[in-house]
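need a 3D model of the following:
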Amino acid sequence: MRDVVGAIDQGTTSTRFIVFDGDGAIVAMAQREHAQVYPRPGLVEHDGEEIWRNTEAVIAEALAKAGIAGSDLKAVGITNQRETTLLWDRRTGAPLHNALVWQDTRVDAMVAELAREGGKDRLRATTGLPLASYFSGLKLRWLLDNVPGARERAESGDALFGTVDAFLLWRLTGRHVTDVTNASRTQLMDLATLEWDPAILDLFGIPATCLPEIVSSSEVYGEAVSGPLKGVPIAGILGDQQAALVGQACFRPGEAKNTYGTGCFMLMNTGETPFPSKAGLVTTLAYRFGAARPVYALEGSIAIAGALVQWLRDNLGLIEHSADIEALAASVPHNGGVVIVPAFSGLYAPYWNEAARGLIGGLTRYAGRGEIARAALEATAFQTRDVLEAMAQDSGIRLTELRVDGGMTVNGLLMQVQSDLLDLPVVRPKVTETTALGAAYAAGLAVGVWSGTDELAANWAVDRRWTPSLPADERERQVALWAKAVGRSLDWTG
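Residues are numbered from 1 along each chain as shown. Model (predicted):
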């Protein structure tokens, strides 16, 4: 049998297991959604046990589809929704509380208090991140302060913290580690030393005894101790957006990708030196393969992209299925002056305004379902443009093309709108499951399935390319209207 590598892709709305061959092609895949828990507005949780059950189920299902046993896999990688925060019992592995999802805003008051004392950027020089409810550290603080007995158990080492990668690895192997990419999203790690920062732990009130060991993104962490993967090396971990960067083969400084999913995330490889942002982006780890020097990235994170389409489906009943959005949006020639700013949980990059709230502007009697659908798609493209402009301002690099991936890239209308608003070619690769592919690449590199990044880059191939066709004056008019709407949404609850 040819070399095959598996990837656990644990995302915000579902968990998948994908088997890839040595060319990076998909052999088999299985997927299961999990419940989104909304205790009250602004709060978003997941059931960690449900995620684990789904992980076990999709592994078995994908292996059966591929007609192979777990032992046929050379290695397995893990990629995950990043800042989502778990605290679990060391002995049983059972979560002490539902996971606090990256979108959750319950720590807004903590963010505001810390910002009052030292400014929103007081930790940026060390961590690359502004103070925001997005990141894991303050979510962990909330769990320690609000789950009965959690702080005492964490201090004694009986309760363990981790993002989803660490939780799954613990359940698979019994080892408590996280990779540098996920650690960089906690706001607890020093970007220069790649270690937990004692001063920040003290500031946030977090005991080091509950934290995982920080390791590279590509090495053998251990073998699975039970289940269908028993005996298989778990050998790669990458946060989902960094995994997509690897899957898109963006290994040279200046190469960038944008992933269109629940949120939207653009990363640019900036090489082996952390690149500070002055334009509202974050500095983060791109990857570290084994003992090689770490590679850094600039990132712009957008909270709501595909989630806006889900909102139109589930909350407004505007469409029956998410895929229906393209036909409805294409049924009209333009948005009729309608602009949607989807600031459901504030605005992330480049604004970092937790008090922003969503709005639909420009409504007239002319506007109907088609115009609202089109404005919803355009909202993702406008937000991406904001991030790209900030990236160019920070790096001095103007992209010649944007590599794209994620579920929304099947929407040809959105990709054309994106190309028009960026005035750049937008390129979709043949393998669009780049997040899982990146995790598989990291695992395969660790066990010798692939020799290095040159071989991975050779696997990348274009599926489709969109080129801009919108006149410059019309693009500028639309961008100005978007900026006006964003201005209205800022500090809505402030």
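
got a list of what the residue nearest to Gln10 when sequence neighbours are not counted touches?
Using Cβ to Cβ, 6 or more residues apart in numbering and skipping the chain neighbours, the partner closest in space to Gln10 is Asn80 (4.5 Å). No exception for glycine: its C-beta is placed from N, CA and C like everyone else's. Counting by Cβ atoms under 8 Å, 6 or more residues apart in numbering, Asn80 touches 9-11, 163-165, 168, 182, 237, 239-240.

again with Ala256
Neighbours of Ala256 in contact, by Cβ under 8 Å, 6+ apart: 250, 266-269, 391, 399, 402-403.

could you export these as TSV, including secondary structure and distance to Arg2?
TSV is the format used below for these (DSSP: H, G, I helix; E, B strand; the rest coil; distance: Cβ to Cβ, whole Å):
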residue	secondary structure	distance to Arg2
Cys250	coil	26
Met266	strand	34
Leu267	strand	30
Met268	strand	34
Asn269	strand	30
Met391	helix	38
Leu399	coil	35
Leu402	strand	32
Arg403	strand	27
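
what pairs with the residue nearest to Gln10 across the strands?
Beta-bridge partners recorded for Asn80 (DSSP bridges): Gln10, Gly239.

just the local confidence number for it, please.
Predicted confidence (pLDDT) for Asn80: 97.

go on, the one 5 residues further on?
At Thr85, the pLDDT value in this model is 98.

tell me what the residue lying closest to Pro253 once chain neighbours are set aside is bridged to.
Excluding the flanking residues, the one nearest Pro253 by Cβ to Cβ, 6+ apart is Gly271, at 4.0 Å. Beta-bridge partners of Gly271, counted by DSSP bridges, are Tyr296.

cool, Glu213 as well?
Val177.

and it, how many neighbours?
The burial count assigned to Glu213 is 13, neighbours taken as other Cβ atoms under 10 Å.

who's in contact with it?
Glu213 touches 176-178, counting by Cβ under 8 Å, 6+ apart.

who wins on neighbours among those residues?
Thr178 (29 neighbours).

state the distance from that residue to Arg116.
Relative to Arg116, Thr178 is positioned 30 Å away (Cβ to Cβ, to the nearest Å).

cool, and Ala303?
Applying Cβ to Cβ to Ala303 and Arg116 gives a distance of 23 Å.

these two: who's more crowded?
Shown here are Ala303 and Arg116; by other Cβ under 10 Å, Ala303 has more neighbours (23 against 9).

got phi/psi on the more buried one?
phi -70, psi -40 (degrees, to the nearest 10).

wait, it sits on Gln103?
Yes. Here Ala303 lies in contact with Gln103, judged by Cβ atoms under 8 Å, at a distance of 6.1 Å.

what residues are shared contacts of these two?
Common neighbours of Ala303 and Gln103, counting by Cβ under 8 Å, 6+ apart, are 263, 345.

and the contacts of stretch 149-166?
Outside stretch 149-166, the residues touching it (Cβ under 8 Å, 6+ apart) are 10, 51, 78-91, 96-97, 99, 136, 140, 143-145, 170, 176-179, 182, 185-186, 206-207, 209-212, 237, 239.

let's see that with 7 Å instead.
Residues outside stretch 149-166 that contact it (Cβ atoms under 7 Å, 6 or more residues apart in numbering): 10, 51, 78, 80-90, 96, 136, 140, 143-144, 170, 176-179, 182, 207, 209-212, 237.

against Leu100, how distant is Phe135?
Distance from Phe135 to Leu100, counting by Cβ to Cβ: 11 Å.

what of Trp466?
37 Å.

among the two, which residue is more densely surrounded?
Taking neighbours as other Cβ under 10 Å, Trp466 and Leu100 compare with Leu100 leading, 26 against 22.

wait, what's in contact with that one?
Leu100 touches 45, 84-85, 139, 142-143, counting by Cβ under 7 Å, 6+ apart.

and which of those residues is nearest Leu470?
Thr84 (36.9 Å; Cβ to Cβ).

hang on, isn't the closest one packed against Trp102?
Yes. Counting by Cβ atoms under 7 Å, Thr84 does reach Trp102; the two are 5.2 Å apart.

phi and psi next, for the closest residue to Thr209 other than its chain neighbours.
Distances taken as Cβ to Cβ, 6+ apart put Gly157 closest to Thr209, at 4.5 Å, once the chain neighbours are dropped. The phi/psi pair for Gly157 (degrees, to the nearest 10) reads phi 80, psi 10.

what about Gly157, distance to Lys139?
Here the criterion is Cβ to Cβ. By it, Gly157 lies 20 Å from Lys139.

neighbour-wise, which of the two wins?
Applying other Cβ under 10 Å to Gly157 and Lys139 shows that Lys139 carries more neighbours, namely 28 against 13.

tell me if the more buried one really is in a helix.
Yes. Applying DSSP: H, G, I helix; E, B strand; the rest coil, one finds Lys139 inside a helix.

who's in contact with the nearest residue to it once chain neighbours are set aside?
Leaving aside its sequence neighbours, Lys139 sits nearest to Thr85 (Cβ to Cβ, 6+ apart; 3.9 Å). The contact partners of Thr85, by Cβ under 7 Å, 6+ apart, come to 99-100, 136, 139-140, 143, 163.

Ala375: which of the residues you listed is nearest?
Leu100 (30.8 Å).

which of the contacts of stretch 149-166 count as buried?
10, 51, 78, 80-88, 90, 96, 136, 140, 143-144, 170, 176-179, 182, 207, 210-212, 237 (16 or more other Cβ atoms under 10 Å).

narrow those to those in helices?
Residues of the buried ones among the contacts of stretch 149-166 located in helices (DSSP state H): 51, 136, 140, 143-144, 170, 182.

what about Ala381, how many residues nearby?
Ala381 has 23 neighbouring residues, counting by other Cβ under 10 Å.

which other helices and strands contact the helix or strand encompassing it?
Under the criterion of DSSP states H and E, Ala381 resides in helix 369-395. Counting contacts by 3 or more Cβ pairs under 7 Å, 6 or more residues apart in numbering; DSSP states H and E, helix 369-395 packs against strand 264-271, strand 295-302, helix 306-314, helix 325-330, strand 339-341, helix 412-422.

I'd like the average pLDDT over it.
The model assigns helix 369-395 a mean pLDDT of 95.

same thing with stretch 157-169?
Mean pLDDT, computed over stretch 157-169, is 97.

same check on stretch 291-306?
For stretch 291-306, the mean per-residue pLDDT is 93.

start and end of it, how far apart?
37 Å (Cα to Cα, to the nearest Å).

list the buried residues for that stretch?
294-306.

check contacts around the nearest residue to Gly444 once chain neighbours are set aside.
Excluding its sequence neighbours, the residue lying closest to Gly444 (Cβ to Cβ, 6+ apart) is Val5, at 4.5 Å. Val5 makes contacts with 20, 73-75, 440, 443-444, 449, as judged by Cβ under 7 Å, 6+ apart.

format the contacts of Glu213 as JSON lines; extra columns: pLDDT and distance to Gly128.
Formatted as JSON lines, the contacts of Glu213 follow (pLDDT from 0 to 100; distance: Cβ to Cβ, whole Å):
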{"residue": "His176", "pLDDT": "98", "distance to Gly128": "24"}
{"residue": "Val177", "pLDDT": "98", "distance to Gly128": "21"}
{"residue": "Thr178", "pLDDT": "98", "distance to Gly128": "17"}
